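Visitor: here are the coordinates; sequence isn't available:
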């Protein structure tokens, strides 16, 4: 009797679940297709997955920073926001450390 009641509840609820799933799928597909950054996100994700699976992890930041503009676009938008001082401090510290560490053959990036 227990299994039959669950099956009957599922049969009764199926049309509503199906409509909800179709609505969600339509909403997501329209949002994804209208999102202008989707090609960049897909490129960044594929490149990151390839590097993590097939290359040395130490080159991850170099390749992703040079091949994908998303990181730079986000930083540019955040500089104009409320984290402006924090991001400027990070950029200045990063560059000063690079100036000191790279010529001395210390690991950098």
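Guide: Yep, that arrived. Values in this document were obtained by computation on a predicted structure and should not be read as measured data.

Visitor: could you list the low-pLDDT ranges of the chain?
Guide: 1-4, 6, 28-34, 109 (pLDDT under 70).

Visitor: please enumerate the helices of it.
Guide: For the chain, the helices defined by DSSP state H occupy 2-33, 38-54, 60-67, 70-79, 84-101.

Visitor: so what does the second one touch, helix or strand wise?
Guide: Of the remaining helices and strands, those touching helix 38-54 by 3 or more C-beta pairs under 8 Å, 6 or more residues apart in numbering; DSSP states H and E are helix 60-67, helix 70-79. For glycine as for every other residue, the C-beta is placed from the backbone atoms N, C-alpha and C.

Visitor: still on that earlier bit, now the helices of the chain in JSON lines, with mean neighbour count and distance to residue 107?
Guide: Putting the helices of the chain into JSON lines (neighbours: other C-beta atoms under 10 Å; distance: least, C-beta to C-beta, whole Å) gives the following:
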{"stretch": "helix 2-33", "mean neighbour count": "9", "distance to residue 107": "39"}
{"stretch": "helix 38-54", "mean neighbour count": "12", "distance to residue 107": "18"}
{"stretch": "helix 60-67", "mean neighbour count": "13", "distance to residue 107": "12"}
{"stretch": "helix 70-79", "mean neighbour count": "12", "distance to residue 107": "21"}
{"stretch": "helix 84-101", "mean neighbour count": "11", "distance to residue 107": "7"}
